[in-house]
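> The sequence and its predicted three-dimensional model are supplied below.
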2 protein chains.
Amino acid sequence: MRATPCPAPGFLPTFVAMTTTHTASSVHLTARPTGFPSPSGFAFVSHPVPEPAPGTALVENLLLSVDPYHRGMMDGGEGGFALHSPLEGRSVGRVTASRDPGLAEGDLVFHRSGWRTHALVTLGVDGTRKLRGHAGVPLEAYLSVLGGTGLTAYAALTRTAALREGEDLFVSAAAGGVGTATGHIARLLGARRIIGSAGSAAKVRHLTDVLGFDAAFDYHDGPVGEQLAQAAPDGIDVYVDNVGGDHLEGAIDVLREYGRIAWVGGISMYNGDRSPAAPRNLFEVVHKSLRLEGVLVRNHTNLQDELEDFLVPHLRSGRVSTETTVVQGFDRTVEAFLGVLRGENVGKMLVRLKD
Amino acid sequence: MRATPCPAPGFLPTFVAMTTTHTASSVHLTARPTGFPSPSGFAFVSHPVPEPAPGTALVENLLLSVDPYHRGMMDGGEGGFALHSPLEGRSVGRVTASRDPGLAEGDLVFHRSGWRTHALVTLGVDGTRKLRGHAGVPLEAYLSVLGGTGLTAYAALTRTAALREGEDLFVSAAAGGVGTATGHIARLLGARRIIGSAGSAAKVRHLTDVLGFDAAFDYHDGPVGEQLAQAAPDGIDVYVDNVGGDHLEGAIDVLREYGRIAWVGGISMYNGDRSPAAPRNLFEVVHKSLRLEGVLVRNHTNLQDELEDFLVPHLRSGRVSTETTVVQGFDRTVEAFLGVLRGENVGKMLVRLKD
């Protein structure tokens, strides 16, 4: 095993993994980040390609997912990432050797052993499943609108918030992976007015001009509460929260009676001290009979087939697009991750290892 | 009409209403309170007993309810109390004259025109209903465990929190009206461990020794979070929140995955600046897939018959008691209200006008 430390802070890792047939590589966390992660806290570690033991299959990864929630797991603690071990994340790959009777060479699989070039998996364990392989659906879809972010949006809208036809919706970080999927799915579910916030003028334009949002604003342009109140003068029924903080406070202000908040994540909090200013108007939850509920996609994996049945026809017809920002090359995995924390993506941020 | 101003701050009102057959009296708010209300902001106003117009009935009030939420309504705003008009609250009275074909002289009614000796009501309007008059059930029950506080507890447990048999529960302000009803109803629903907080050692003893709580603590005895963690070392599934603030934060810490918070009120906030420190750990709502939902009893009045069918057999058998603190005399209505804000009650605070 050979560890290649990342360059000093401020420089993105440039090490290129030697992904020959006999060398594998994985990304390790070498130091717990404080605040925004430094590339020097990661290392690309190369090692021989593993051999599948009985009951397992070797997968060559094709696409990796890097996600804001990975930042939270880097703080350690229960369910967090260990130091000096391969990081983990959602991935799509192809079976290259199998001693798992359920998997054959050539099968395309979804699994959770990302952040590495090769993985050993077992069908049905830790979410490993064969892709249903819908004709006309790109592989990227299985890590975006049909993957964890799409499933999150689908669970948030259909289960947690129980969005009804004709209701008005606000989603924060709307240009991100969960945000774009939320926009698409809410429209298909019959939402009336869809409002999004994002972090740049270009993203705001993408939301309104390409994705069909009814209104959008750049949260840098002024207090979120004021901008939201202007975009939703008649209030909203549902808020899908990817941000927390002032977005949550602003949404509580404009939610109508019986409004629902599906709280997916807090990208604004992941790099802080975990004690952000909680919404000062939280007591409105009582006055307006609001519901605030957390959404963890791992509790909704039973909805995967339902999601695919719901979306695939629209993916094929082109009514729904697969929104992704794809970084090319395993060696740019850390760069892609830091990019998603900085909001450099439109749609789901992915790393492509091979075409 | 004759207005009798209340004495200077620090003195409870002592005016005795002249409730002859020809004189009625009502309590007006004469100044909006800042912080804890002063008796000088209230006036007892006497006037002739009104005559029922066609379609209305005259009710002589027997019992009045004074509640913490009245304090919030004294700040005015939408749905708040007007100045220089009779205050309003739940009441039980007897019809003494009727031009409403649905009500007859002698009928016992529940209505919302409290804080006065006499009221004009119309059956079915603003919640006015005839009492079902269950034999063996005291009149006080209709303003406590069968009234707004009981209905709040019932809706919070059976609907908002959907308490299941064998689950563990924490309720704050447990010795109050909603709190005692929550303890009774949760036990009947099969709760396993019931934990309560209260504001004095005597109340804590009442909870454990009389009402059968499994654990209770005085929130003055130390940080609420620490005391709760000690009382619930294995966590809780449901929290019925009558307090907010540090109680809510402590409960979020000990709630298990999928835990539910039925947020009923924030007695700790009513006299403050309405911007209490929101729970710093609110993001645990995401990590643990918690649900925080407001409960307004006015949205659950359709459960009234269900509540009575559920509780009356247990009230008759003595398994459930009517927990009340009854102040005698209409002239002590303001005193009773300030007492409930100070937590001087065990169970529901009521004012009895007549035996």
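Arrived safely. From a predicted model like this one, the values you see are computed outputs, not experimental measurements.
> Enumerate the residues of chain A near chain B.
Within reach of chain B by Cβ under 8 Å from any Cβ of the partner chain, chain A has these residues: A:244, A:263-266, A:269, A:274-280, A:282-283, A:285-296, A:299. Just so you know, the C-beta spots here come from the backbone N, C-alpha and C atoms, and that holds for glycine as well.
> Could I get the full set of strands for the stretch 201-350 of chain A?
Secondary structure of the stretch 201-350 of chain A, counting by DSSP state E, counting those that start in this stretch: strands at A:215-218, A:236-241, A:255-263, A:291-294, A:324-328, A:348-352.
> Reformat the ones you listed into a markdown table and put mean neighbour count, distance to residue A:51 and mean pLDDT next to each item.
What follows is these, written out as a markdown table (neighbours: other Cβ atoms under 10 Å in any protein chain shown; distance: least, Cβ to Cβ, whole Å; pLDDT from 0 to 100):
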| stretch | mean neighbour count | distance to residue A:51 | mean pLDDT |
| --- | --- | --- | --- |
| strand A:215-218 | 20 | 50 | 98 |
| strand A:236-241 | 27 | 44 | 98 |
| strand A:255-263 | 22 | 43 | 98 |
| strand A:291-294 | 24 | 41 | 98 |
| strand A:324-328 | 18 | 29 | 95 |
| strand A:348-352 | 26 | 25 | 96 |
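> closest to residue B:234 out of those strands?
Each of the strands of the stretch 201-350 of chain A has some distance to residue B:234 by Cβ to Cβ; the shortest is strand A:291-294, at 20.9 Å.
> what about the closest residue to residue A:299 other than its chain neighbours, how many residues close to it?
Sequence neighbours aside, residue B:289 is the residue nearest to residue A:299 in space, at 5.9 Å (criterion: Cβ to Cβ, 6 or more residues apart in numbering or on different chains). When neighbours are defined as other Cβ atoms under 10 Å in any protein chain shown, residue B:289 has 20 of them.
> In contact with residue B:289, which residues are there?
A:293, A:294, A:295, A:296, A:299, B:257, B:258 (Cβ atoms under 8 Å, 6 or more residues apart in numbering or on different chains).
> Kindly recompute the last result at 10 Å.
A:160, A:263, A:293-296, A:298-300, B:256-259 (Cβ atoms under 10 Å, 6 or more residues apart in numbering or on different chains).
> out of the residues you listed, which one sits closest to residue A:42?
Taking Cβ to Cβ as the measure, residue A:42 sits nearest to residue A:298 out of the contacts of residue B:289, at 24.1 Å.
> I'd say the closest one and residue A:304 touch.
No. The pair formed by residue A:298 and residue A:304 falls short of the contact definition of Cβ atoms under 10 Å, at 11.7 Å.
> Identify the contacts common to those two.
Common neighbours of residue A:298 and residue A:304 (Cβ under 10 Å, 6+ apart) are A:127, A:151.
> out of the two, which sits in the more crowded spot?
It is residue A:304, of residue A:298 and residue A:304, that has more neighbours when counted by other Cβ under 10 Å, with 18 against 12.
> shaky segments in chain A?
Counting by pLDDT under 70, the ranges of chain A that qualify are A:1-21, A:267-277, A:355.
> Find the closest residue to chain B in it.
residue A:278 (3.2 Å; Cβ to the nearest Cβ).
> in the stretch 1-150 of chain A, which spans are strands?
With DSSP E, counting those that start in this stretch, the ranges of strands along the stretch 1-150 of chain A come out as A:2-5, A:23-29, A:42-48, A:57-65, A:91-98, A:108-111, A:118-121, A:129-130.
> Redo the ones you listed as a markdown table? Include distance to residue A:199 and mean neighbour count.
Putting the strands of the stretch 1-150 of chain A into a markdown table (distance: least, Cβ to Cβ, whole Å; neighbours: other Cβ atoms under 10 Å in any protein chain shown) gives the following:
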| stretch | distance to residue A:199 | mean neighbour count |
| --- | --- | --- |
| strand A:2-5 | 31 | 14 |
| strand A:23-29 | 25 | 23 |
| strand A:42-48 | 24 | 20 |
| strand A:57-65 | 20 | 25 |
| strand A:91-98 | 27 | 21 |
| strand A:108-111 | 29 | 22 |
| strand A:118-121 | 33 | 23 |
| strand A:129-130 | 33 | 15 |
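> got JSON lines for those strands, with distance to residue A:185 too?
Below are the strands of the stretch 1-150 of chain A laid out as JSON lines (distance: least, Cβ to Cβ, whole Å):
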{"stretch": "strand A:2-5", "distance to residue A:185": "41"}
{"stretch": "strand A:23-29", "distance to residue A:185": "31"}
{"stretch": "strand A:42-48", "distance to residue A:185": "33"}
{"stretch": "strand A:57-65", "distance to residue A:185": "18"}
{"stretch": "strand A:91-98", "distance to residue A:185": "21"}
{"stretch": "strand A:108-111", "distance to residue A:185": "19"}
{"stretch": "strand A:118-121", "distance to residue A:185": "28"}
{"stretch": "strand A:129-130", "distance to residue A:185": "21"}
